[in-house]
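Undergrad: Starting from these lines, generate the structure:
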Amino acid sequence: MNRQQGITLVEVLITVLITAFGIVGLVSLQLSALQANQLAAQKAVGGWLVQDLVERMRANPSGATAYTGTADCANPVRSCLNQSCSPVELAAWDIEDVMCADRGDGNTFAARIMTVDLCANAAPAAACATNASHRVTLNWTTAQANSSVDSTAAVNASLQYEVTP
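TA: Alright, predicted model coming up:
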């Protein structure tokens, strides 16, 4: 009687099992890389949005103190695109244009919230100097892998810049 019958089949089964674990590991690495790539793209677009607002603040120094708060996208302010506006109106329009505009690039940050705080390092805000710094913060929700049953979870991401207009 041959005692070696079926041993080759067991070897093949073990090889297939080890290969399957390796493939699952590679797929997991690929998914992690894809999520990191998406987050990096969102941070890049977020940086462009914040930089856009910072440049507008520097271009309108006489309206610097009006660059505060957030925009109410449901109630648009007066457009300053083709008409003259006061520095305060220009600041309100700049904030709305940056925060509410759909640039058609697929990265609209549907749940983005950008806030501008005057006098980032002073308390209270009324005690600010004329050339006080502003803190521009962009918060948005992104999907990140987690270890729970659900493969993705909403995670808050944030960019913060401090600028003196």
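Undergrad: what's the nearest residue to Pro76 if we skip its chain neighbours?
TA: Spatial nearest neighbour of Pro76, excluding adjacent residues (C-beta to C-beta, 6 or more residues apart in numbering): Glu96 at 6.3 Å. The C-beta positions use only the backbone N, C-alpha and C, and glycine is treated the same way.
Undergrad: need the contact list for the nearest residue to Asp52 once chain neighbours are set aside.
TA: Residue nearest to Asp52 in three dimensions, not counting chain neighbours: Val98, with 5.3 Å by C-beta to C-beta, 6+ apart. Counting by C-beta atoms under 8 Å, 6 or more residues apart in numbering, Val98 makes contact with Leu49, Asp52, Leu53, Arg56, Ala71, Met114.
Undergrad: let's see it at 10 Å
TA: Applying C-beta atoms under 10 Å, 6 or more residues apart in numbering to Val98 gives the contacts 48-56, 71, 114, 116, 136, 138.
Undergrad: Pull out the buried residues from those residues.
TA: Leu49, Val50, Leu53, Val54, Arg56, Ala71, Met114, Val116, Val136, Leu138 (16 or more other C-beta atoms under 10 Å).
Undergrad: Poorly predicted segments of this structure, please.
TA: Within the chain, the ranges that satisfy pLDDT under 70 run 1-4, 102-114, 118-131, 143-154, 165.
Undergrad: all helices of it, in order?
TA: Secondary structure of the chain (DSSP state H): helices located at 7-59, 87-100.
Undergrad: so which of the ones you listed is the most packed in?
TA: helix 87-100 (a mean of 20; mean count of other C-beta atoms under 10 Å).
Undergrad: Now do it and helix 7-59, the angle between them.
TA: Between helix 87-100 and helix 7-59, the angle comes out at 170 degrees (axes from the mean of the first three to the mean of the last three C-alpha atoms, to 10 degrees).
Undergrad: Just the CA trace of helix 87-100, in CSV.
TA: Presented in CSV, the C-alpha positions along helix 87-100 are these (Å, rounded to 0.1, in the frame of the first residue of the first chain):
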residue,chain,number,x,y,z
PRO,A,87,-14.5,96.9,0.4
VAL,A,88,-17.0,95.3,2.8
GLU,A,89,-19.3,94.1,-0.1
LEU,A,90,-16.2,92.8,-1.9
ALA,A,91,-15.2,90.8,1.2
ALA,A,92,-18.7,89.3,1.5
TRP,A,93,-18.7,88.4,-2.2
ASP,A,94,-15.2,86.9,-2.0
ILE,A,95,-16.2,84.7,0.9
GLU,A,96,-19.3,83.5,-0.9
ASP,A,97,-17.6,83.0,-4.2
VAL,A,98,-14.8,80.8,-2.7
MET,A,99,-17.1,78.9,-0.3
CYS,A,100,-20.2,78.3,-2.5
